[in-house]
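*Asks:* Okay, here's the prediction I keep looking at, along with the sequence it came from:
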Protein chains: 2
Amino acid sequence: MRAVNVAVLGATGAVGRELLQNMEERQFPVKSLKVLASPRSAGKRVVFNNREHTVEAVGADQFEGVDLAFFAAGGEVSRQWAPTAVAAGCTVIDNSSAFRMDPHVPLVVPEVNMAAAQGHQGIIANPNCSTIILCVALKPIYDYAGIERVVVSTYQAVSGAGYAAMEELEAQTKAYARGEAIEAQVLPVKGLPKHYPIAGNIIPQVDVPGEQGYTREEWKMILETQKIFADSTMRITATTVRVPVMRSHCVSINVETKVKLTAEDCRRLISSAPGLKLVDDLEAQSYPMPLDTSGKDLVWVGRIREDTSLESGLNLWAVGDQIRKGAALNAVQIGENLIAGMR
Amino acid sequence: MRAVNVAVLGATGAVGRELLQNMEERQFPVKSLKVLASPRSAGKRVVFNNREHTVEAVGADQFEGVDLAFFAAGGEVSRQWAPTAVAAGCTVIDNSSAFRMDPHVPLVVPEVNMAAAQGHQGIIANPNCSTIILCVALKPIYDYAGIERVVVSTYQAVSGAGYAAMEELEAQTKAYARGEAIEAQVLPVKGLPKHYPIAGNIIPQVDVPGEQGYTREEWKMILETQKIFADSTMRITATTVRVPVMRSHCVSINVETKVKLTAEDCRRLISSAPGLKLVDDLEAQSYPMPLDTSGKDLVWVGRIREDTSLESGLNLWAVGDQIRKGAALNAVQIGENLIAGMR
């Protein structure tokens, strides 16, 4: 594979660090690496392939000579710097939600729609974390039986709200164990006025309010899934929920298929589909759990059951590492595919 | 209200203790109280209305002269002793799953189908905890708009697996905070071979495996709900999941109605329905959470949204205390209604 000049923007965040680790593990063909962040984080050091790199403040000149830039510093930063990077000839793989619904920007889950990246105009968007996990699980079902409608409820780890939320769950757990008062300053959304404990609690809000009573996270799951499958006729509804888990998301999926798919056939499809691991034997108490999937690359799928309330439908349970496949790994995979496609 | 002679079987368990506390709080008209349990617990003391009562071992003579017996000692014990109690002239309100699907036994949620208790033959069954919370929330929607189909995913507290599971979550949380190894011996089901940590984890198994890949808990939610609404045409599917929360269950409900119901109308219905509290203002970050509902009597409902994937449907989020409305309180309410109906 041709080696490329890489930049990572947001290199000190939860996703940024995982990006570097994933690239290292997968021997991503890095010719040179530039680690960028806000001026606040400039001067910090990160290690990549046993070499220390000093974090530089993002700036207008930083993208000259860079082939591929991973952006993982939030929507504001992406909106500000992606055009600069693209103008400098760099391809941006953006982990934020800034460009995901832009009709000129491909939104890519490699196992589902890598072809959509062809003809990109400099920016490729990495989907929402829960959406990636949902889409990888739905792909073989979509191809084989078609999908009429999806009803999804999520069980989302705190890592989706960044390092601060992970530290908050850790601190709250310790405070609880010591019998001390639990303080909340991050979840559900740092910028909103009210914060609730997540340790011992469940918060039915992920991201800020959106239209029609849904949160933005819920709209992301609906609209991004339709865009990734390039199928606006696929009906989807979602309820997104934060749970006291560190870094793996669970998704309870009810899917109505266009043609009948038995649970046995679904298991066969899942077991041979890319990006998925079938873990499904209730009698043997075998099913996906955050405990087992954290730090893993694949999305685990189990609890596959024919939905007895429908002519043709299934229930399934998918679990994946939010920081890895839900963010960093998916971006790295997009990068790998882009490089493999370069002449 | 006429005072009655009451027995509580399983008085030292999580639900048994809550039964006594609920009766005390609600000034249940107790003429005499007998506290019963397995021989193992005999001799223990419990306090009711500031008086100590000594737990007696359950036996054949214990139900003579008892008007009303609350059974909260599991299915085996109910199957063994309910016929004896009924033969002695006692009415049994049974919290176990032993008789719930028996066509001769009414299955009652007072807010939904108290009338079903009329003509009972000595046993009235208290439904499954998640089912009670679901049914109270669905009732006003069912009456107003009819229900075509329900897709439900649960977020169930450990209290549903009894005191041992609550102690396990507590111990695991403390072990985690101290950086020690987490031991699991109770969840998901004490009698099954494998046990998994619940602290920091999500377990997609509640109760033992049942037919067609569903757990028994999932079948309870499907079949008990149809029985409570006396409507086998109501289509339901369920995924039941254990979460690291102490004693409040959350239920993510997707409901397809027979006629269109707006979110605003649904809010109005919920706000005036018995047993429910409307907590629904996403902009103000107001929604039901286990943090707020534990120890409360009402089922809280919020996150009400019109389902944009259906002609007529809604998403909602219901949360209720598992030990209280999910078990003990519902049984006490059945008792109050029976007594009120006595001449």
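*Replies:* Now that the structure is in, tell me what you want to look at.

*Asks:* Okay, now the sheet partners of whatever helix or strand residue A:70 lives in, with direction.
*Replies:* Following DSSP states H and E, one finds residue A:70 within strand A:68-71. In its sheet, strand A:68-71 lies beside strand A:4-9 (parallel), strand A:91-94 (parallel), with partners assigned from DSSP bridges.

*Asks:* got the ones you listed as JSON lines, with distance to residue A:293 and mean neighbour count columns?
*Replies:* Just so you know, the C-beta spots here come from the backbone N, C-alpha and C atoms, and that holds for glycine as well. Conversion of the strands paired with strand A:68-71 to JSON lines gives the following (distance: least, Cβ to Cβ, whole Å; neighbours: other Cβ atoms under 10 Å in any protein chain shown):
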{"stretch": "strand A:4-9", "distance to residue A:293": "24", "mean neighbour count": "24"}
{"stretch": "strand A:91-94", "distance to residue A:293": "23", "mean neighbour count": "25"}
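
*Asks:* Make a markdown table from the ones you listed and add mean pLDDT to it.
*Replies:* Shown next, in a markdown table, are those (pLDDT from 0 to 100):
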| stretch | mean pLDDT |
| --- | --- |
| strand A:4-9 | 98 |
| strand A:91-94 | 98 |
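
*Asks:* CSV for these, including distance to residue A:310?
*Replies:* Shown next, in CSV, are the strands paired with strand A:68-71 (distance: least, Cβ to Cβ, whole Å):
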stretch, distance to residue A:310
strand A:4-9, 45
strand A:91-94, 37
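
*Asks:* Okay, buried residues for stretch A:199-209 please.
*Replies:* Applying a neighbour-count criterion of 16 or more other Cβ atoms under 10 Å in any protein chain shown, the buried positions in stretch A:199-209 are A:199, A:200, A:201, A:202, A:203, A:204, A:205, A:206, A:207, A:209.

*Asks:* Any part of that stretch near chain B?
*Replies:* Yes - against chain B, stretch A:199-209 shows contacts by Cβ under 8 Å from any Cβ of the partner chain at A:199, A:200, A:201, A:202, A:203, A:204, A:205, A:209.

*Asks:* how far does that stretch stretch from start to finish?
*Replies:* End-to-end span of stretch A:199-209 (Cα to Cα, to the nearest Å): 23 Å.

*Asks:* Please apply the same query to stretch A:65-75.
*Replies:* Here the two ends of stretch A:65-75 are set 24 Å apart, with distance taken as Cα to Cα.

*Asks:* Now do the contacts for the closest residue to chain B within the stretch 51-200 of chain A.
*Replies:* Across the stretch 51-200 of chain A, the shortest distance to chain B (Cβ to the nearest Cβ) belongs to residue A:177, at 3.4 Å. Residues in contact with residue A:177, defined by Cβ atoms under 8 Å, 6 or more residues apart in numbering or on different chains, are B:173, B:174, B:176, B:177, B:178.

*Asks:* now do 10 Å
*Replies:* Going by Cβ atoms under 10 Å, 6 or more residues apart in numbering or on different chains, residue A:177 touches A:199, B:170, B:171, B:172, B:173, B:174, B:175, B:176, B:177, B:178, B:199.

*Asks:* Where do the strands of the stretch 201-343 of chain A begin and end?
*Replies:* Assigned strands in the stretch 201-343 of chain A, in chain order: A:235-239, A:248-257, A:276-278, A:299-306, A:313-321 (criterion: DSSP state E, counting those that start in this stretch).

*Asks:* Any chance of CSV for the ones you listed, columns mean neighbour count and distance to residue B:91?
*Replies:* Rendered in CSV, the data for these read as follows (neighbours: other Cβ atoms under 10 Å in any protein chain shown; distance: least, Cβ to Cβ, whole Å):
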stretch, mean neighbour count, distance to residue B:91
strand A:235-239, 24, 40
strand A:248-257, 26, 39
strand A:276-278, 20, 50
strand A:299-306, 26, 38
strand A:313-321, 28, 38
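
*Asks:* Determine the longest helix present in chain A.
*Replies:* The helix of greatest length in chain A, counted in residues with DSSP state H as the criterion, is given as helix A:129-145.

*Asks:* the inter-axis angle of it versus strand A:235-239?
*Replies:* Computed with axes from the mean of the first three to the mean of the last three Cα atoms, to 10 degrees, the direction of helix A:129-145 lies at 150 degrees from that of strand A:235-239.

*Asks:* Which strands and helices lie in contact with the next helix or strand after helix A:129-145?
*Replies:* Helices and strands here follow DSSP H and E; after helix A:129-145, the next one along the chain is strand A:147-155. Using 3 or more Cβ pairs under 10 Å, 6 or more residues apart in numbering or on different chains; DSSP states H and E as the contact test, the elements touching strand A:147-155 are helix A:129-145, helix A:216-228, strand A:235-239, strand A:248-257, strand A:313-321, strand B:147-155, strand B:248-257, strand B:313-321.

*Asks:* Can you give me the buried ones in strand A:147-155?
*Replies:* Taking 16+ other Cβ under 10 Å as the neighbour-count basis, strand A:147-155 is seen to contain the buried residues A:147, A:148, A:149, A:150, A:151, A:152, A:153, A:154, A:155.

*Asks:* if I pick the second one, what's in contact with it?
*Replies:* Taking Cβ under 10 Å, 6+ apart, we find residue A:148 in contact with A:233, A:234, A:235, A:255, A:256, A:257, A:258, A:259, A:310, A:312, A:313, B:309.

*Asks:* now do the fourth one
*Replies:* Residues in contact with residue A:150, defined by Cβ under 10 Å, 6+ apart, are A:134, A:138, A:141-142, A:221-222, A:225, A:234-238, A:253-256, A:313, B:309.

*Asks:* ok, back up a step: could you check how far the closest residue to the residue of the stretch 51-200 of chain A closest to chain B other than its chain neighbours is from residue B:242?
*Replies:* Nearest in space to residue A:177, with sequence neighbours left out and distances taken as Cβ to Cβ, 6 or more residues apart in numbering or on different chains, is residue B:177 at 3.4 Å. Counting by Cβ to Cβ, to the nearest Å, the gap between residue B:177 and residue B:242 amounts to 21 Å.
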